[in-house]
Every structure is written in C-alpha cells, then in structure tokens.
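J.: based on what follows, work out the 3D shape:
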Amino acid sequence: MEFHPVSPAGAIPASCDAGGALSGIVAIRPGDLRFPGSGMSALVAGPDAARPVSGGEVLVFCHPVAAAPAVVRRGGAVQAAGWLPGHVTLGALEAYLPAGEIEELVEDFGCWERRQRLLSSAMAVRLLIAAALIPDGDIPEVIRRVAGLLELLPWARPWHAPGTEALTRRLETIPAELFEALFWQLAGPAAGEDAPGMTWRGFLVCALDGFQVAVPDTDENRAYFGSSGTATTPRRSLILHRWGPDSAGQVERFIVALNFSPYDQTVTTPFSVDGAWHELLANQTVDVSNNALPGVLVTSNWGRIYVNTSPA
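T.: Here you go, the predicted model:
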C-alpha cells in the first residue's frame, strides 16, 4: 500500500493495517533487540521477540515512525527504502483532507519535481502551511519539525534538512492557484445551503466566516486591504455568516459584522457570494465583487447586517 504516489518504492503509512504494518505503540524486551551489522542501521527484533511477555518484565516502548521495505546492506545493516519527503505529512491537520490530496493538486498544476532531491513539491506545500502555523520559527526549524523523527531513520538514500534557499527555489515552481485550490478544499460551511435552519439546544448556530492576516503597514496595503485598527487599537470585531431557507423557499444569507471595541474600525468584510446585498441597519444596498467588500466602516459598539436572497 503506497502512501504517496511520488514514492513508488513503497512509502507506507505507519498506521495502516496492510502488509503487516503496525499501528499504536510497540513494546519489546531490550534483550530482543540487536544491531544487525556495521554502518548506519536500525535495531531489529531477534528470533525470541515473539515469546509471551510476563508481568514485571522491563520493556522498551516505541512509537512507529514509518513502514517501508527493508534494504539489507552487505555488512548486514538494515535500512529503510524510499524517500523521506514521500512519508512527510502534517499529521492530524491532514485528517480533514482526502488522502493524497496535496499530491493530486501538485500533479494537477503540473509542478511535480523531475528528480527526487531533498524536497518534493508536496513537501514544500506542507512546509509553507507549517510556516504559517509556526510564525516564530525560522525555515530550518520548520523543516525539522515537519520532518520530525523521520529524519532519524537510517534511510538507504541519505537525507538531510535542506536550507532556506532550497525551499524558496521549490516554491517558485508552485503556483499560488494551488494554495487557493487547497484553501477551498477546506473552507466553507459545515452544511450545505439547502440544509434546514441549524440550531443547537434552541440556539441559532453561526459560523465564523472571517479572518485577519497581518501585512506590512503601508499606505498601499491600507488602501487595498482596509484596516481593522492599529497595533495600539484592540481588534475586537467579529464577522458571522448565517443562511437558511426563507418562507418562500429561497436561500436567505446573512453577513453580520460586529465591532465590540470602543473605537471605530474599517474592515474588509468577506461575503459568501457576489452581487447585491442589502444592509438592514443603514437601509442601503451594496454591490459585492470578488467575495469581499473592502473599507467597511463599523462604528464603536455597533454593527452591520447584510442580507442576500436568491432562488434555492
């Protein structure tokens, strides 16, 4: 069972059940482990490892890192076949993606690497995502944290953490549209727009549909992205998206922008669809394009409520 199509040599997820791969924690007696030969090698279980375990025995508890075909060197050393980038994942974060989705996007956008070096395109995508989640870490730290214990395995094909320039060069071959496609794989409501009104214990369920990204404080960025305050002004704002069928069976969407701070704020408000939206509090209609309305002024402790109705 292959984990990533980039590594036909047999990158196998350690959590799978195929081919005898184990999941969970492995326990083995220290005396049942042996070093099979000279050079860089993994420890292997001896022939007595299958004996039943007795109470009170001292065991070594190990966490499986990867499952891969063995390469046995002439001197007896046991190493792992395959390519480290083919085993790298973002762990639990990828539970929300179909298996191999990042690899499929890399193939769809034609940015597959022609030769296997220190970085694959799929690993570069994961590293950029990880870098956004580890804002205080430099690129070498991000690479080592994503590679994790895989870096310690005795690979038959040696691997070491690449430098920042290698990642930069690899990312230059990956179009921004790939990341946009990946974003839309994950973004969106938990239920479809044709679902009935969603409640929980009698309360209306709303989804947080806005986010903020820090960019350099320049006049051009403020003009393009808008502003929701400065470094000395607390950003206490919230944007909610709510939808459901109205009495006529049409889909009725609401965008609610709230400002809880003692300061007026100018925000870029995201919208689920383009077109005409009516703002109820000011009784005015705005035209939304590119799923956003920049430069929306929300006064202190006040808000804006936009509604859009379309056929179901």
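J.: show the contacting residues for Ala156.
T.: Neighbouring residues of Ala156 by C-beta atoms under 8 Å, 6 or more residues apart in numbering: Val71, Gln79, Ala80, Ala81, Gly82. (Each C-beta comes from the backbone N, C-alpha and C, glycine too.)
J.: try 10 Å this time
T.: Neighbouring residues of Ala156 by C-beta atoms under 10 Å, 6 or more residues apart in numbering: 9, 40, 68-73, 77-83.
J.: could you measure from it over to Gly148?
T.: Counting by C-beta to C-beta, to the nearest Å, the gap from Ala156 to Gly148 is 19 Å.
J.: coming back round to it: in ChimeraX, how would I select the buried members of the contacts of Ala156?
T.: In ChimeraX, a selection of the buried entries from those looks like this (16 or more other C-beta atoms under 10 Å):
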select :9,68,71,73,77,78,79,80,82,83
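J.: rank the contacts of Ala156 by pLDDT and give me only the lowest.
T.: Within the contacts of Ala156, Ala9 has the lowest pLDDT, namely 35.
J.: convert the C-alpha atoms of the longest helix along the chain to CSV, please.
T.: The longest helix of the chain (DSSP state H) is helix 121-133. C-alpha atoms of helix 121-133 as CSV (Å, rounded to 0.1, in the frame of the first residue of the first chain):
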residue,chain,number,x,y,z
SER,A,121,6.8,19.8,-4.3
ALA,A,122,4.2,18.2,-2.0
MET,A,123,6.6,18.6,1.0
ALA,A,124,7.2,22.2,0.0
VAL,A,125,3.5,22.9,0.1
ARG,A,126,3.3,21.3,3.6
LEU,A,127,6.3,23.4,4.8
LEU,A,128,4.7,26.6,3.7
ILE,A,129,1.5,25.7,5.6
ALA,A,130,3.5,24.8,8.6
ALA,A,131,5.5,28.0,8.4
ALA,A,132,2.2,29.9,8.7
LEU,A,133,1.4,27.9,11.8
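J.: what helices or strands is that helix leaning on?
T.: If you count contacts as 3 or more C-beta pairs under 10 Å, 6 or more residues apart in numbering; DSSP states H and E, helix 121-133 packs onto helix 101-108, helix 139-147, helix 164-171, helix 176-186.
J.: for whichever strand or helix holds Tyr306, give the mean pLDDT please.
T.: Using DSSP states H and E, the element containing Tyr306 is strand 302-310. Here strand 302-310 scores 86 as its mean pLDDT.
J.: can you list the buried residues in stretch 276-284?
T.: Applying 16+ other C-beta under 10 Å to stretch 276-284 flags Trp277, Glu279 as buried.
J.: numbering from 33 from now on, please.
T.: Will do, 33 is the new start, and the previous item becomes stretch 308-316.
J.: list of residues touching it?
T.: So stretch 308-316 is in contact with 285-289, 301, 303, 317-320, 325, 328, 334-342, going by C-beta under 10 Å, 6+ apart.
J.: how long is that stretch from one end to the other?
T.: 10 Å (C-alpha to C-alpha, to the nearest Å).
J.: show the average pLDDT along that stretch.
T.: 91.
J.: what of stretch 134-151?
T.: pLDDT averaged over stretch 134-151 gives 91.
J.: got the end-to-end distance for that stretch?
T.: This stretch, stretch 134-151, spans 14 Å end to end (C-alpha to C-alpha).
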